[in-house]
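Engineer: turn this into a model:
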Amino acid sequence: MMPRWPWVALGLLGAGGHAAEPVRVPDADRAPYEDRVLDEAPQAVQETEPAAPDTGWRRGGSVELQSLRQGGANRIRNETLQIDGYLDTPNHGTFSADLHINRYRNRITVDSLGGRAGNLFYSLSYRDGSTGRIDQRGMPFGNGWFANNSIGNINTAATPMSRGMGRVYLPSLPIEGFSSSLEQGTRTTLNLSAGRLGFFEGLDSQGFALGRGNTVTLGAQRQIGGGDNPLGIGRSDAAFQWVETRNANLNGLPGFAQDTRSLWGAVSWQGVAPWAEAIGPGIGPVQERPGGLRVQANYAHSTGQPSVRGSLAPRDSANGLWVDALWRGDWLQQGVSVFSFDPALRWGSNPLAGDLRGASWRGDLSTRQWQLSANVEASDSVSGMQGRSVFGNLYGRYRFDSRDALAVTLAARSGRQAAQSLQLSWERISPRWGQSQWRADFAHGERQRLARIGVDHQWRVGESSSLSTTLAFEQSRQYGFSTRSVIWGVLGSLPFLAGGRLDLSARGSNGMGDNTSRYLDANARVMWPLGAGWSVVAQYTAARGREPFNPAVVSALTTAMQAPVFKAPSNRSMQVALRWEASAGVNLAPIGGAPGMGSGRLEGHVYFDPNNNGQREAGEGGVPNVTVTLDRRYVARTDAQGYYAFPAVATGSYRIEVVPDNVPLPWAVVSRDGVMAQVYVRSTAVADFAVQRER
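Structural biologist: Just a heads-up that it's a prediction; the model follows:
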């Protein structure tokens with residue numbers, strides 16, 4: 001017999017869509033009367049069948065089997081077994097693992113040296129190896145002490161003050177070894193690291209290549225004054241870091257192996273500025289509140305005897321000194337730096353800013369409608385070989401209303417690398433089309449001129465999708481050669497077939513009439529869930545040429561802190577992976593909840609933000625191999641595209657932080673204290689991090 005409700009529903013409609021006479025249901029079929037008026041007293045909770053709680057320590061992870069085929073000059077076949085997992089314990093902290101067990105088969109095409117022109121031969125090589133790391137964070141001890149330990153392909157540990165408050169940071173050294181830190185809140189930190197030197201590599205999958213040499217680091221930081229003031233007023237700290245490298249030869253060329261010993265020490269103080277009476281209201285650290293001041297003085301010393309004669313190091317020892325001060329008045333925030341670096345100053349196996357001395361000042365003034373900042377730097381070469389340089393930068397931004405804003409950046413530099421640059425941008429928010437930013441960049445220097453006009457647009461799409469595009473036209477002239485090119489970019493994420501998801505990131509430039517300015521960096525990733533924790537991932541990547549440089553002029557100190565840029569080899573690859581994810585156990589960490597709670601996913605990107613607008617755009621690339629922490633307990637690392645993920649996270653609010661171990665200098669993470677993210681059941685929370693450079 002068919003159910004009654006379709007016939008009742010049809011009886012409610014008459015011809016032409018008019019309401020018909022109501023259909024009377026016999027009294028025998030009526031449901032008994034129920035009083036639905038709620039009493040003012042608290043109501044009893046309806047009893048339901050409780051879900052069977054998980055038992056044991058909270059745990060989870062994923063296993064992924066990858067198959068990679070890469071073309072280009074190096075034809076690579078790589079099979080990888082990737083294992084990611086975590087285990088949260090009550091007495092030994094949280095363990096996180098990231099392991100890649102690889103098997104490579106390389107086929108290298110080389111021009112024949114002894115045969116006819118155009119002959120080729122193939123060189124086959126096999127390499128078995130694995131990369132990865134295991135982290136233990138938040139291992140508790142008595143009296144508020146806890147330890148963080150790491151082993152595998154990691155970065156050397158560092159004290160918090162070594163990343164500084166200004167523009168000079170101590171770089172971390174990539175190693176295959178271990179690191180350990182012992183901390184007591186924010187009062188005391190001890191660290192130790194040791195291992196073989198190397199570097200992170202891999203466009204498609206995470207890898208680590210061992211270099212030549214070994215290193216040992218030791219450091220400590222201690223609060224030496226200020227008591228327990230919750231705002232840190234009157235607090236002073238002291239720190240030191242020591243590193244020694246033996247037989248370091250990362251570039252593989254003969255005659256460059258060095259033994260180096262470096263020492264860094266610093267003291268800092270924060271509190272009420274001498275010209276202020278008290279700390280005013282506000283949020284953030286002391287130096288960002290009216291009347292607040294923070295000063296940090298740093299000293300670095302390196303000594304090293306090259307292992308072979310003919311080393312290019314001009315001297316065996318060098319010193320560096322820099323002092324930074326930040327303070328805020330009622331309407332203006334200011335910063336002053338004084339620095340001096342001898343030639344050949346090194347931090348372990350890496351060079352530090354050398355052969356430079358000078359001073360800089362910066363001021364920032366802003367309201368809800370407009371912002372104005374200025375930066376002035378005067379510097380000179382310690383050896384006298386580079387000459388003097390004066391740099392000035394002026395930035396202004398005015399918001400006309402809630403939809404339109406105009407920004408201007410003007411920079412100029414004198415001396416040996418004299419140049420000028422002008423950047424104009426107009427931001428427009430459309431309720432229908434999304435947000436646009438029209439840009440015009442002009443740069444003029446010795447033997448080079450550049451003009452670039454383009455637009456970045458974030459399109460309005462569905463809630464579960466995102467799409468942004470970049471399009472620009474550039475004309476440049478360098479050393480007598482003129483080039484014209486089109487710069488483009490696409491960045492998006494959207495649902496795919498059968499519950500899948502497509503993530504696309506592509507940036508490139510195409511020369512108009514020449515091939516010298518061609519560039520491509522593309523990554524397309526599709527993931528299909530299969531149920532019961534299983535999913536299939538397909539990823540295509542391609543790289544070619546060198547990314548067009550940013551036309552903005554920077555100061556001498558910023559130039560000295562920049563790492564050299566190497567041209568990536570052209571290649572393309574296709575990767576297919578089968579993944580399984582699962583989680584279980586009682587939540588013991590602060591990020592957990594009650595047993596049986598639902599879970600979601602937390603992911604995001606760490607990306608370069610050269611225009612300092614805090615938005616990830618299609619023309620901005622990711623920062624690879626950077627450590628990301630979840631509530632300072634769970635650890636993940638970004639891939640070649642700057643992507644990180646924490647799968648199967650219990651619902652709740654979390655603090656996500658970026659450890660700036662592999663962020664290239666002079667770039668710095670904007671949100672140094674992290675950001676908060678809310679995870680809901682069966683949903684994905686996104687937390688992106690911008691990495692910016694001084695204007």
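
Engineer: quickly list what the residue positioned nearest the centre of the chain is bridged to.
Structural biologist: Note on the chain: the residue nearest the mean C-alpha position is Val606, at 2.8 Å, using C-alpha atoms, centre = their mean. Val606 has these beta-bridge partners by DSSP bridges: Phe689.

Engineer: before we move on, what about Arg137?
Structural biologist: In this structure, Arg137 bridges to Thr94 when assessed by DSSP bridges.

Engineer: I figured it hits Gly93, correct?
Structural biologist: Yes - counting by C-beta atoms under 8 Å, Arg137 does reach Gly93; the two are 5.6 Å apart. C-betas here are computed from N, CA, C, even on glycine.

Engineer: just checking, the residue nearest to the centre of the chain touches Thr627?
Structural biologist: No - using C-beta under 8 Å as the test, Val606 is too far from Thr627 to be in contact (9.7 Å).

Engineer: list the residues that contact both of those two?
Structural biologist: Val658 (C-beta atoms under 8 Å, 6 or more residues apart in numbering).

Engineer: mind listing the strands in the stretch 251-400 of the chain by residue range?
Structural biologist: 258-272, 292-306, 317-328, 333-341, 346-347, 350-351, 356-366, 370-380, 389-399 (DSSP state E, counting those that start in this stretch).

Engineer: the first one to strand 317-328, inter-axis angle?
Structural biologist: Going back to what we said before, that points to strand 258-272. Using axes from the mean of the first three to the mean of the last three C-alpha atoms, to 10 degrees, the inter-axis angle of strand 258-272 relative to strand 317-328 is 20 degrees.

Engineer: and the strands of the stretch 251-400 of the chain as a markdown table, adding mean neighbour count?
Structural biologist: A markdown table is the format used below for the strands of the stretch 251-400 of the chain (neighbours: other C-beta atoms under 10 Å):
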| stretch | mean neighbour count |
| --- | --- |
| strand 258-272 | 20 |
| strand 292-306 | 20 |
| strand 317-328 | 20 |
| strand 333-341 | 19 |
| strand 346-347 | 24 |
| strand 350-351 | 19 |
| strand 356-366 | 17 |
| strand 370-380 | 18 |
| strand 389-399 | 18 |
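
Engineer: so which of these is nearest Gly619?
Structural biologist: Across the strands of the stretch 251-400 of the chain, Gly619 has its closest neighbour in strand 389-399 (19.8 Å, C-beta to C-beta).

Engineer: give me the contact list for that closest one.
Structural biologist: 358, 368-380, 405-417, 553-556, 695.

Engineer: where in the stretch 351-500 of the chain is pLDDT low?
Structural biologist: In the prediction, the stretch 351-500 of the chain carries no residues with pLDDT under 70.

Engineer: next one: the stretch 51-200 of the chain
Structural biologist: For the stretch 51-200 of the chain (pLDDT under 70), the answer is 51-55, 68-78, 102-130.

Engineer: so where do the strands sit in it?
Structural biologist: Under DSSP E, counting those that start in this stretch, the stretch 51-200 of the chain gives strands at 58-72, 74-88, 94-111, 120-140, 145-155, 174-184, 188-201.

Engineer: gap between stretch 380-398 and the chain center?
Structural biologist: Its chain's C-alpha centre and that of stretch 380-398 lie 28 Å apart, by C-alpha atoms, centre = their mean, to the nearest Å.

Engineer: how about stretch 667-680?
Structural biologist: 10 Å.

Engineer: residues of that stretch that come out buried?
Structural biologist: Trp667, Ala668, Val669, Gly674, Ala677, Val679 (16 or more other C-beta atoms under 10 Å).

Engineer: in a markdown table, list those residues along with pLDDT and secondary structure.
Structural biologist: Listed next are those as a markdown table, based on pLDDT from 0 to 100; DSSP: H, G, I helix; E, B strand; the rest coil:
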| residue | pLDDT | secondary structure |
| --- | --- | --- |
| Trp667 | 77 | coil |
| Ala668 | 77 | strand |
| Val669 | 82 | strand |
| Gly674 | 80 | coil |
| Ala677 | 86 | strand |
| Val679 | 82 | strand |
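
Engineer: and of the residues you listed, the nearest to Trp145?
Structural biologist: Scanning those for proximity to Trp145, where the rule is C-beta to C-beta, the winner is Gly674, at 22.3 Å.
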